[in-house]
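Peer 1: Below are the sequence and a predicted model; questions follow.
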Amino acid sequence: MKPSITLKSLDNSYCKQIQDLILPIQQIEFNVPITLEGQPDLLDIESNYFKDGGNFWGALHAENELVGSIALLSVGHQTAALRKMFVKKEFRGRELNIAQDLLEILIRYCRDKKLKDIYLGTVDVLKAAQRFYERNGFEKIAAEALPAYFPRMKADNVFYHLKVI
């Protein structure tokens with residue numbers, strides 16, 4: 001039986017669950033050398049994502065366990081930065097389609113807000129994530145091709161762009 005998954009916008013009451021989802025995936029599963037201190041946005045998602053027109057969504061299993069996340073940071077210039085896309089290992093895959101559903105919410109939101117470009121940074125060890133982005137129309141670009149106003153994360157070394165139509 002397919003587990004019950006609810007997608008919804010998250011507020012600061014979910015900060016601890018967001019940290020508990022993201023940090024182990026980054027640090028333990030993929031050995032990315034990044035800490036909570038290097039991601040202060042996870043301490044106050046409302047101030048960091050909502051204030052300029054962005055959002056932060058989560059996938060909740062049985063309405064209370066956070067199993068997936070995606071965030072949109074509005075950076076001006078009708079442009080968004082896709083951030084914090086993570087799905088707990090046991091909830092990944094096309095059967096549940098959580099990553100796809102989260103990405104579709106973000107893209108719909110961009111269209112509604114008349115945002116024309118989405119950029120993202122990731123790390124080279126996240127090969128499945130890169131394939132996922134490419135399957136969804138994102139094009140790999142050089143770091144030099146990023147707009148000057150794109151807020152780069154220190155650990156990121158692979159970059160993508162999607163033209164929203």
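Peer 2: Great, that's in hand.
Peer 1: And H161, how close does it get to A142?
Peer 2: 10 Å (CB to CB, to the nearest Å). Where you see a C-beta, it was placed from the backbone N, CA and C, and this is true even at glycine.
Peer 1: okay, those two: which has more neighbours?
Peer 2: Comparing H161 with A142 by other CB atoms under 10 Å, the one with more neighbours is H161, at 19 against 8.
Peer 1: you'd agree the more buried one is in a strand?
Peer 2: Yes: checked against DSSP: H, G, I helix; E, B strand; the rest coil, H161 lies within a strand.
Peer 1: right, and it touches I141 too?
Peer 2: Yes: judged on CB atoms under 8 Å, H161 makes contact with I141 at a distance of 5.1 Å.
Peer 1: Any stretches of the protein with poor pLDDT?
Peer 2: 1-2 (pLDDT under 70).
Peer 1: top helix in it by residue count?
Peer 2: Assignment by DSSP state H gives helix 98-112 as the longest helix of the chain.
Peer 1: quick check, distance from that one to the centre of its chain.
Peer 2: Computed by CA atoms, centre = their mean, to the nearest Å, the chain-centroid distance of helix 98-112 equals 10 Å.
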